[in-house]
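Colleague: I need the structure of the sequence given here:
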Amino acid sequence: MKLPSLQLLFSSLTYTCKRFPFVILAAFAGTVISIMLLEGKFGSNAELILAKVLMTSSLGLPLFFAVHIFCERTLAKPMFKFTAFVTALFVLVQFYFSLAGWDTDKGTIFYRFFFWSTGLHLVAAFSAFFIQDELNGFWQFNKQLFLRFLTAALYSGVLYLGLAGAILAVDELFNVKIRSEVYGDLWFLIAGLFNTIFFLGGITEPVASLNKETSYPKGLKVFTQYVLIPLVTIYLLILYAYTGKILVQMNLPKGWVANLILGFSVTGILSLLLVYPVREQEENKWIKTFSRFYYFSLVPLIVLLFIAIGIRISAYGVTIERYIVAMLGVWLAMITLYFIFSKAKNIILIPLTLSMFLFGCCFGPWGMFKVSERSQLKRLLTLLDKNGAMVGGKIITLTDAGLKKIKIKDLNQINSILEYLSNAHGFEGMKDWLSEDCKQKVFTDSLNKNRYDQQDLLKKCMGVYGYSDYRNESYESEINVNIYGNQLNESAGIDVSGYDRLYEFNANAYNDNETISKDDSYTKLEENEMTFYLDGEKQFDLKLDTIATKLRALPHQKYNAYNAKPEEMTFEYANLQGNRVKIIFNSVQLNFTDSTTLVSAISGYVLLKKL
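Modeller: Numbering: from 1, shown residues only. The predicted structure is shown next:
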C-alpha cells in the first residue's frame, strides 16, 4: 500500500480550505478564542465578550457549511453566493447581539444557543437535497455526514491521546515542566481545527452524485434491526402498560412520562430513517409494516404526553422546559399524522419541520422566553393580588402580620416564581408593579451586583425576604426547630406487633406534590395535614396540629435541634378512617410563632393494619 506524499496531503488540505473557507475561518476563530479563554489572562468583561464570540463562531460551522453545500449543489452564480454568505454573516451577528443580556440572563442563553445550534445542524442535513425526488441523495448525504463525523472523532481522539502522551513523556523524562494548559490548548487545536478539516475533506464532490449512490452499510442495518428497533419495542410496551395502568386506576399521569415519550419517539423515528433505503427490498418488507404500525402506536402516547404536560402547565404555569416539551409534542403530532395519512412519506420533512419549530421557539411573543415569562408573571400577579400584596396595581411591602396570613403554599410559590424569574428572565417584567423607591433599589442600586443580590433587593421591597430563614432579624419572633428521634435501633429494631405492614415516609410542605406515586407508599404534607397513600389509594389523612403542639412543648432552644425520646415521637390511632395506625417520627421540623405552629417537614415510619 502506497502512503500519500506530503505534497498530496498539502494539496488536499489546500483544496479543502478553498472549498469551505468560511467554515475553516469559523473553526479557526473558535479554536483561538477557546485557547484564550483557557489561558484566562483577561478580565471578566473581556471573557464575557470572548465567550459570546465563541458561541457565535461555533454556530458558523453548520451555517457556513450549509451555505457552501447549497451553493455547490445548485451551481449558484457568484452574486448569489456572495448574497448567501453575507446573509449568513448577518444571521451570526444577530445571534451575537441576542446574547446582550447574558450577564443577567444566564438561564436562557444556553437554551437559545442549543436551539440555534440544533436548528442549523438540521438545516445542514437537508442543504444539499431538499425535494421529494432526492430522497435517496438526502439519505446518502446524511449517512456520509454521520460516518465522517465518527471517523473524524476517532482520528482526533487517537491523535490527541498520542500527542498528549508524548508531551507527558517529555515532561516526565526531561523535567521540562510543561504547563497543564498545554494539554487543553492541544485539545482545542485538534478538536477545533484538525477535526473540522478532516471531516470536510471526506465530503463527496459533487454532492449531487450522491443521489445515484446505492451503497448501504450492512452493519447499520444489523445495528438498527437487532439493537435500536428491539429497544424501541421494549419502551413501547412499557409506555402502553403504563397507559393501561392509568386507565384502570383512573389516575393522572406523571409529568416525567412526557420526556420518556419524546425520547422514545425520536429514537423510533431515527431507527426508521436508518433503514429507509432498504425498506423496498423483498427480505425487508417488514420495515414498511413496522413503520406504519409505529406511527399509529404513537397516537395514544402523544395524547398521554399532552395530558401530562397539560397538568403541569395548568398547575404551575409555563416554564421554558414545559414550553419545549409542549412544542416538541406538537411537532411530533404533526409528523405522526403526516406519516399516517400521506402517501408521499417525504423524510426530508423531518429535519425541515423540526428546524422550523426550533427557530420559531427562539423568537417573537410566541417564543419560549416570552411565553414562559408572561405565564409566570401572571401567576405571580394572581398570588400577590390574592394575598393582599397588590394595591392599585403596585406591590406593597408586606408587614409581618400580613405575611403570616399568607398560606405557606402560596408563599412558597411566590418564592419559587421569583427564583425562576431571576434564573431565566430577570425582573424587567415586574418594573411597572414597583414603586419608584423599589425601582431605584432593584434596577439601579443592583447594577453592579449579581442576580441573587437583585432578587434579595426585590424580596425586601415585597416584604418576603428571609421568610425561609428564621434567623433573619425581621423574624426574631419566629422559631425554627428540628426535633429528632433515633427510632430504628439496629439491635432491637421496631416493634410491629399488632400491625400488618411498616412503611417509611418522608415529606415536606415545600414540594409541589404534582402527582401521587402509584407504585408504592407516598406521603403528602400540606397545611399541617399528613396524607398517606398506598398503591395510589389514600389510606388516611391526619391533622398534625395536636402533634405539633405536643412537640412544641418539648424543651428546646431557639434555632436548635432537640433529641426526643421514642415515646415522645410515637403516636397511635385505634381507628383512623378504617385503619389502625401507629406513626413513629424520626424527625419533625417545626416553624412557629406565639400564635401559630407549622409542621414543614416530617420523616419516619407508618405501621398500618386494616380493620
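Colleague: middle-most residue in this protein, spatially?
Modeller: Of all residues in the chain, the one closest to the mean position by Cα atoms, centre = their mean is residue 321, 6.1 Å from it.
Colleague: am I right that that one is in a helix?
Modeller: Yes. Secondary structure of residue 321 (DSSP: H, G, I helix; E, B strand; the rest coil): part of a helix.
Colleague: quick one: it and residue 267, what's the gap?
Modeller: Per Cβ to Cβ, to the nearest Å, residue 321 is found 20 Å from residue 267. Yep, even glycine has a C-beta here, placed from its N, CA and C like the rest.
Colleague: also residue 241?
Modeller: Residue 241 is 18 Å from residue 267, by Cβ to Cβ.
Colleague: could you pull up phi and psi at residue 312?
Modeller: When read as degrees, to the nearest 10, the backbone of residue 312 gives phi -60, psi -40.
Colleague: repeat that for residue 524.
Modeller: Dihedral angles of residue 524 (phi, psi; degrees, to the nearest 10) stand at phi -110, psi 130.
Colleague: secondary structure class for the nearest residue to it once chain neighbours are set aside?
Modeller: Leaving aside its sequence neighbours, residue 524 sits nearest to residue 531 (Cβ to Cβ, 6 or more residues apart in numbering; 4.4 Å). Here residue 531 is recorded as strand under three-state DSSP.
Colleague: which regions of the stretch 251-400 of the chain sit below the pLDDT cut-off?
Modeller: Confidence mapping of the stretch 251-400 of the chain against pLDDT under 70 gives the ranges 252, 255.
Colleague: isn't there a helix covering residue 465?
Modeller: No. Under three-state DSSP, residue 465 sits outside any helix and is assigned coil.
Colleague: next, count neighbours for it.
Modeller: Neighbours of residue 465 under the rule other Cβ atoms under 10 Å: 19.
Colleague: residue 541 and residue 529 touch, don't they?
Modeller: Yes. Residue 541 is in contact with residue 529 according to Cβ atoms under 8 Å; the separation is 5.8 Å.
Colleague: distance of the closest residue to residue 39 other than its chain neighbours relative to residue 37?
Modeller: Distances taken as Cβ to Cβ, 6+ apart place residue 181 nearest to residue 39, at 6.1 Å, with adjacent residues excluded. Residue 181 sits 11 Å away from residue 37, going by Cβ to Cβ.
Colleague: give me the more crowded residue out of these two.
Modeller: It is residue 37, of residue 181 and residue 37, that has more neighbours when counted by other Cβ under 10 Å, with 18 against 12.
Colleague: mind checking what secondary structure that one has?
Modeller: helix.
Colleague: nearest spatial neighbour of it, chain-adjacent residues omitted?
Modeller: Nearest non-adjacent residue to residue 37 (Cβ to Cβ, 6+ apart): residue 50, at 5.6 Å.
Colleague: by contact count, what packs against the host helix or strand of residue 307?
Modeller: For residue 307, the host element (DSSP states H and E) is helix 285-316. Here helix 285-316 touches helix 229-249, helix 256-274, helix 320-341, going by 3 or more Cβ pairs under 8 Å, 6 or more residues apart in numbering; DSSP states H and E.
Colleague: again, only using 10 Å
Modeller: Helix 285-316 is packed against helix 229-249, helix 256-274, helix 320-341, helix 368-386, helix 408-424, with contacts defined by 3 or more Cβ pairs under 10 Å, 6 or more residues apart in numbering; DSSP states H and E.
Colleague: what residues sit buried inside it?
Modeller: Within helix 285-316, the residues scored as buried using 16 or more other Cβ atoms under 10 Å are 287, 290-291, 294-295, 297-298, 301-302, 304-306, 308-313, 316.
Colleague: give me the contact list for the helix or strand harbouring residue 200.
Modeller: Secondary structure from DSSP H and E places residue 200 in helix 195-201. Contacts of helix 195-201 with the rest of the structure, by Cβ atoms under 10 Å, 6 or more residues apart in numbering, involve 9, 12-13, 15-17, 19-20, 23-24, 26-28, 30-31, 61, 65, 68, 145, 148-149, 151-153, 155-157, 159-160, 189-190.
Colleague: go again with 6 Å.
Modeller: 16, 20, 27, 148, 152, 155-156 (Cβ atoms under 6 Å, 6 or more residues apart in numbering).
Colleague: any chance of the residues you listed in JSON lines, plus pLDDT?
Modeller: JSON lines is the format used below for the contacts of helix 195-201 (pLDDT from 0 to 100):
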{"residue": "16", "pLDDT": "90"}
{"residue": "20", "pLDDT": "96"}
{"residue": "27", "pLDDT": "96"}
{"residue": "148", "pLDDT": "94"}
{"residue": "152", "pLDDT": "94"}
{"residue": "155", "pLDDT": "95"}
{"residue": "156", "pLDDT": "95"}
